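J.: Sequence first, then the predicted structure:
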Amino acid sequence: MQLVRLLKELRRGYQRSDVSRRIQHFDDRTGLGVAGGDGASAPDHAETANEYYALSSAFMVCLWGESLHFAPLRPDETLEQSIVRHQRLMISKLELQQGMTVVDVGCGVGGPMRRVVREAGVRVTGININEIQLDMAKRLNAESGLDHMVDFEACSFMDMSAIGDETFDRGYAIESTCHAPDKQGAFEEIFRVLKPGALLWGQEMCLTEEFDPSDDRHRTIKLDLMHGIALNDIATFREVDHALEAAGFHVLEGIDRGATTGPSTPWYQPMESRHGTLGGTLHMLPWGRKALITGLRLAELVRLFPKGSAEVARMLDRTADAYVAGGKTGIFTPLYCFLARKPL
C-alpha cells in the first residue's frame with residue numbers, strides 16, 4: 001500500500017519533469033556535483049531547500065510518516081508512538097489552550113499541525129514555501145476533517161510580510177529554521193509575528209560539542225549532512241541560543257533530546273537496524289533502501305514509476321547513511337529542542 005501511495009504522490013509531484021536533471025542540478029548547487037565543493041556556494045539556498053523537498057517529500061511521507069521530524073525513541077514504542085509522545089511534549093511546553101492562534105513555521109505536510117489542532121483545539125497557520133508539501137498538507141487536513149481549523153501562507157519564514165505584527169499566541173518550528181540562511185533573521189521575523197509574552201518551541205539540527213573541525217572524518221560527515229538535508233550550514237547549540245537572544249527572545253530551555261538516558265534508543269536507529277523500537281519500516285533499513293532503489297530502477301524500465309525516482313531514493317539513502325554516521329560519532333543531533341519567550 002505504501003508503494004501504491006508513493007507512486008501516486010510521485011506522479012502528482014514530478015508531473016513529467018526531468019527528475020534526473022533536477023537531481024544533477026541539486027547536486028551542483030549543494031557542491032556534491034563539483035570537485036572539492038563544500039556546499040557553501042549555493043546561489044539561493046531557499047530555492048535549493050525548496051527543490052530538495054519537492055523531490056523527496058513523497059518518499060519521506062511514505063517511508064517515515066506524515067510528521068517529517070525525528071523524536072526521542074524508546075524500546076517499548078513504535079517510531080510513530082515516539083513521534084506522538086514528542087509532539088505532546090511540545091503541546092505541554094507551549095501551554096496551548098483552546099482558542100489560541102498558533103504559527104507552524106515550516107509546516108511540511110502538516111503532521112504536527114494535525115496533532116496540535118486535534119489535541120489542543122487551537123487554530124494554526126502553516127508557513128511553507130513548497131507547493132508540493134502545501135498541496136499534500138491541504139489534502140490530508142481535508143481528509144482528517146481539520147481544514148476548517150487551519151490556514152496557510154505560501155511564503156518563506158524569512159519574509160512573512162503577509163502576516164501582521166503580534167498576530168499569534170504561540171509558535172513552533174520543527175526542523176525548519178535549520179534551513180535559514182540567516183538564523184537570527186528567521187527568529188526576528190518569527191518574533192515579529194508573535195504577541196508579547198508568546199512562547200516559541202523549536203527543534204533544530206545541530207552540531208554537538210563532540211564536533212572537531214580539525215578532524216577530517218567529522219568534516220566529511222558534516223558536509224554529507226549539509227548536502228543530504230539541503231543545509232547551508234549546521235549551527236551549534238550556542239549559535240542557536242545566541243540567534244534567539246539577538247532576535248529578542250528569552251531562552252527558557254535548551255536541551256539535546258537526542259542524548260540517550262535511561263531506557264532509550266538512539267534517534268538514528270530506525271535507519272540502521274530494527275533493534276530498539278517496536279515494528280519499524282523495512283524500507284528505512286540499509287538493505288531495504290538498496291532493495292527499494294533496485295526495484296525502482298526496474299519499475300522505471302517498464303514506465304511504472306517516473307524516470308529518476310531511483311536517483312531520488314539513492315540520494316535519500318546517502319542522507320540516511322550521513323544521519324547514522326553523525327549520530328554514531330556523537331557530532332550531530334536533530335533534536336536540539338528549545339523553549340523561548342517573547343518578552344511582555
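T.: Okay, I see it.
J.: ranges for the helices of the stretch 151-300 of the chain?
T.: Taking DSSP state H, counting those that start in this stretch as the test, the helices found in the stretch 151-300 of the chain are 183-193, 216-229, 237-247, 286-301.
J.: Deepest-packed of these, please.
T.: Taking mean count of other Cβ atoms under 10 Å as the contact definition, the stretch among those with the greatest mean neighbour count is helix 183-193, which reaches a mean of 21. C-betas here are computed from N, CA, C, even on glycine.
J.: So which elements touch it?
T.: In terms of contact count using 3 or more Cβ pairs under 8 Å, 6 or more residues apart in numbering; DSSP states H and E, helix 183-193 is assigned the packing partners strand 101-105, strand 168-174, helix 237-247.
J.: and the longest one, what does it pack onto?
T.: Put plainly, it is helix 237-247. Taking 3+ Cβ pairs under 8 Å, 6+ apart as contact, the helices and strands that helix 237-247 lies on are helix 183-193, strand 194-207, strand 250-256, strand 332-341.
J.: And the ones you listed: which comes nearest Thr281?
T.: With respect to Thr281, and counting by Cβ to Cβ, the nearest of the helices and strands packed on helix 237-247 is strand 332-341 at 17.5 Å.
J.: Could you pull out the buried residues of that closest one?
T.: In terms of neighbour count (16 or more other Cβ atoms under 10 Å), strand 332-341 has its buried residues at 332-340.
J.: With distance to Ile229 and pLDDT as extra columns, can I get those residues in JSON lines?
T.: Written out in JSON lines, the entries for those read as follows (distance: Cβ to Cβ, whole Å; pLDDT from 0 to 100):
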{"residue": "Phe332", "distance to Ile229": "10", "pLDDT": "98"}
{"residue": "Thr333", "distance to Ile229": "13", "pLDDT": "98"}
{"residue": "Pro334", "distance to Ile229": "9", "pLDDT": "98"}
{"residue": "Leu335", "distance to Ile229": "14", "pLDDT": "98"}
{"residue": "Tyr336", "distance to Ile229": "14", "pLDDT": "98"}
{"residue": "Cys337", "distance to Ile229": "17", "pLDDT": "98"}
{"residue": "Phe338", "distance to Ile229": "19", "pLDDT": "98"}
{"residue": "Leu339", "distance to Ile229": "23", "pLDDT": "98"}
{"residue": "Ala340", "distance to Ile229": "23", "pLDDT": "98"}
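J.: Quick one: closest of the helices and strands packed on helix 237-247 to Leu96.
T.: For these, distance to Leu96 was read as Cβ to Cβ. The smallest value, 9.0 Å, belongs to strand 194-207.
J.: what's the average pLDDT for that closest one?
T.: Here strand 194-207 scores 98 as its mean pLDDT.
J.: quick one: strands adjacent to it?
T.: Paired neighbours of strand 194-207 in the sheet (DSSP bridges): strand 168-174 (parallel), strand 235-236 (parallel), strand 332-341 (antiparallel).
J.: re earlier: pick out whichever of the buried residues of strand 332-341 sits closest to Thr261.
T.: Scanning the buried residues of strand 332-341 for proximity to Thr261, where the rule is Cβ to Cβ, the winner is Leu335, at 12.5 Å.
J.: count of residues packed around the closest residue to that closest one other than its chain neighbours?
T.: On the basis of Cβ to Cβ, 6 or more residues apart in numbering, the spatially nearest residue to Leu335 that is not a chain neighbour turns out to be Gly258, at 3.5 Å. Here the count is done by other Cβ atoms under 10 Å, and Gly258 has 25 residues near it.
J.: Relative to Glu204, how far out is Gly258?
T.: According to Cβ to Cβ, to the nearest Å, Gly258 and Glu204 sit 11 Å apart.
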